[in-house]
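1. predicted coordinates and the sequence they were generated for:
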Amino acid sequence: MRKIFMIAALLMFGPANAHAEGNPVRGADQYKEECADCHSVVPGKNKKGPSLHGVVGRTPARVEGFEYSDPMKANATPWTPERLDAYITAPKKVVPHGIMKFDGMENAADRADVIAYLRTLGGS
Ligand code: HEC
């Protein structure tokens with residue numbers, strides 16, 4: 001029993017899940033705090049921002065019924081984890097004159113956790 005606990009703890013907190021990969025459970029909490037006011041994860045449900053269901057790997061500005069800014073519509077680079085990381089670090093640097101009013105997340109580990117969470121919502 002103790003051994004199983006140790007293995008579980010290692011999987012959750014150990015080097016096997018270094019920050020580069022991110023922790024989706026912690027990411028869900030970060031998401032609630034930082035993103036959920038504006039972004040639903042339910043497909044097709046848009047708030048101030050578009051639904052982020054399946055966003056990982058997708059082409060930007062593809063959610064039906066959401067009025068994106070022109071610069072976001074012109075942004076053709078798919079939302080790879082690296083690109084998402086850059087965007088949520090500094091939205092205005094990646095999409096100048098975009099309309100996401102978010103100052104960015106400074107902590108790289110927190111960003112990796114949020115992206116790990118987004119990856120659990122479909123997409124690639
Ligand atoms: C104050 C509201 C707000 C907050 C907070 C916010 N966003 Fe956004 N987000 C938006 C808006 C508005 C857009 C549309 C931007 C545009 O069209 O320029 C957007 C766009 C996006 C997109 C592009 C989606 C697509 O379909 O191409 C991603 C990815 C994204 N946000 C991720 C996040 C993440 C992750 C967080 C939390 C770390 C977050 N956002 C926090 C409002 C917000």
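-> Now that the structure is in, tell me what you want to look at.
2. what about E106, how many residues nearby?
-> 9 (other C-beta atoms under 10 Å). Glycine gets a C-beta too; all of them are placed from N, C-alpha and C.
3. which residues does it contact?
-> Going by C-beta atoms under 8 Å, 6 or more residues apart in numbering, E106 touches T89.
4. again, but for V63
-> G44, N46, P50, S51.
5. ramachandran angles for K47?
-> K47 adopts backbone torsions of phi -120, psi -130, taken as degrees, to the nearest 10.
6. in terms of pLDDT, where does it sit?
-> Looking at K47, its pLDDT stands at 98.
7. downstream neighbour of the lowest-mean-pLDDT helix or strand in the chain in the secondary structure list?
-> Least confident helix or strand, the chain: helix 2-13 with a mean of 58, by mean pLDDT, DSSP states H and E. For helix 2-13, the following helix or strand on the C-terminal side (DSSP states H and E) is helix 24-34.
8. residues in contact with that next one?
-> If you take C-beta under 8 Å, 6+ apart as the criterion, helix 24-34 is touched by 12, 41, 102, 105, 110, 112-120.
9. thank you, goodbye.
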